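Enquirer: Any chance you could fold what I've pasted below:
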Amino acid sequence: MLTFTDSYLSTLHSYVGNEKALLFELTHREASGKLADFLREVDKLGSEHRMLQKYTEIDSHGSRRFSKTSKTCLHAVTPAVEAQVRAAFRRDAYGATMTRTGWHAREWSESYFKVLDVAARVGTGIGSYGVQRFYVLLAGDEAKNATSAHDDGERYMGGVILDVKFEPRPAVTNVLGRFDEAWYGAQVAPFSNEAARAVHAQRQLTSYTDPFTGWIKLSGAYYVVRQRSPWKAGFDLASLLTYADLAEFVQQLAAVTATSHARGTAGNAPAQFKEVVTAALGSPFARATWGVSVASIAAAYREQVLLDFGCFTDYVRSNSSLTLGDYSAARSDPDDEVEVA
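Expert: Next comes the predicted model:
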């Protein structure tokens, strides 16, 4: 943890007086060690074609549809729900929430944003396990819709999978006091809803923002929309066999975290986040004290998580017909790990 905090502060300090954080990207070319190997492998294996092979199929009419099976964790939705989701993908609804200017910003197109199919995504997730979620299949580019040969000999018909997920209020708001609750409400006020807040944060924190990022409203609730990335995988921490491997990995994670935090603050007065933190924790003593405090909180948080999970498993075993196996997908499905592209 001290390695993480020290690298975090060093990275923030390196951004003071410049805008290098806006240009930072960690790909397999810039990464090192086991993380570089992991990113290289993900880059090699990930592709839209492979993703469509897993989650979709061609029906008897020659149209691409979702494959609704236990393997894909996709289920059929009712006609009413499907109609509501389809209706949300209009130029004056979802289209109005998309970025209109920027790198790779996609303009609304009625032909491109034709919804081919809708499915419910169930039994998966990490922090969002149990949150209502849909997959939406779009027609895709004309160039991709034309069939073409691939190495595996199968025909490829293009398409885009959108992940549509309900955005609740942050869990911490359930324990806020009166005055902190008022402060939170004032901070969220510039955004029309929680999904709009989450989308804004994603656009601020990343150097390359998914051009499909936006939000929709369904039955009075708000959902974040983003493209499902073909480059999704979880890093195997068991591959870090030595302290040197672990330290190198943690330093790179700290650099990514600090960069995201630096990007996410656009204010200039009285100072930006990177400047405030550098001023407050610039001395060796302050840096070390803060690092020890973070490590202490992290250790206590770990113990609390283990205690909470122990209570949960005890409850399931003694008071419910459910089994722990019902929750295994939330921990084991690699498709809900971090996007690394």
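
Enquirer: Could you pull out the helices in the stretch 101-250 of the chain for me?
Expert: With DSSP state H, counting those that start in this stretch as the criterion, the stretch 101-250 of the chain has helices at 142-145, 178-188, 194-205, 243-263.

Enquirer: Pull out the buried positions in stretch 119-136.
Expert: In terms of neighbour count (16 or more other CB atoms under 10 Å), stretch 119-136 has its buried residues at 119-121, 123-125, 128, 132-136. To be clear about C-beta, it is placed using only N, CA and C from the backbone, and glycine gets the same treatment.

Enquirer: Could you identify the most distant pair in these?
Expert: Longest distance between any two of these is 18.3 Å, between 123 and 136; criterion CB to CB.

Enquirer: Need the per-residue pLDDT for residue 278.
Expert: As predicted, residue 278 sits at a pLDDT of 91.

Enquirer: Now the element after the strand or helix carrying residue 4, going C-ward?
Expert: Using DSSP states H and E, residue 4 sits within helix 2-14. Remark: after helix 2-14, the chain's next helix or strand is helix 33-45, criterion DSSP H and E.

Enquirer: Could you give me the buried positions within that following helix?
Expert: Residues 33-36, 38-39, 42 are the ones in helix 33-45 that count as buried (16+ other CB under 10 Å).

Enquirer: Give me the angle between that helix and helix 243-263.
Expert: 70 degrees (axes from the mean of the first three to the mean of the last three CA atoms, to 10 degrees).

Enquirer: Have a look at this protein and report the helix or strand with the lowest mean pLDDT.
Expert: For the chain, counting by mean pLDDT, DSSP states H and E, strand 148-149 ranks last in confidence among helices and strands (a mean of 40).

Enquirer: List the contacts of stretch 88-106.
Expert: For stretch 88-106, the external contacting residues (CB atoms under 8 Å, 6 or more residues apart in numbering) are 87, 107-108, 110, 112-113, 115, 136, 196, 199, 203, 208-209, 211-218, 225.

Enquirer: Which ones among those residues map onto strands?
Expert: Among these, the members found in strands (DSSP state E) are 115, 136, 214-218, 225.

Enquirer: So which of the residues you listed wins on neighbours?
Expert: With neighbours taken as other CB atoms under 10 Å, the top of those is residue 215, carrying 28 neighbours.

Enquirer: coming back round to it: reformat the ones in strands among the contacts of stretch 88-106 into CSV and put pLDDT and distance to residue 240 next to each item.
Expert: CSV is the format used below for the ones in strands among the contacts of stretch 88-106 (pLDDT from 0 to 100; distance: CB to CB, whole Å):
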residue, pLDDT, distance to residue 240
115, 92, 43
136, 95, 37
214, 93, 37
215, 94, 37
216, 95, 40
217, 94, 43
218, 93, 42
225, 95, 35
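
Enquirer: who's in contact with the nearest residue to residue 165 once chain neighbours are set aside?
Expert: What sits nearest to residue 165 in space, not counting adjacent residues and going by CB to CB, 6 or more residues apart in numbering, is residue 133, at 4.6 Å. When contacts are counted by CB under 8 Å, 6+ apart, residue 133 touches 120-122, 125, 163-166.

Enquirer: what's the burial count for residue 24?
Expert: Residue 24 has 18 neighbouring residues, counting by other CB under 10 Å.

Enquirer: Now do the contacts for it.
Expert: 207, 255, 259.

Enquirer: And those, which is closest to residue 177?
Expert: The closest of the contacts of residue 24 to residue 177 turns out to be residue 259 (CB to CB; 32.3 Å).

Enquirer: Touching, the closest one and residue 21? I think so.
Expert: Yes: using CB atoms under 8 Å, residue 259 is in contact with residue 21, at 5.0 Å.

Enquirer: Serialize the ones in strands among the contacts of stretch 88-106 to TSV and add fields for distance to residue 180.
Expert: Compiled in TSV, those are given as follows (distance: CB to CB, whole Å):
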residue	distance to residue 180
115	41
136	36
214	29
215	25
216	30
217	27
218	30
225	30
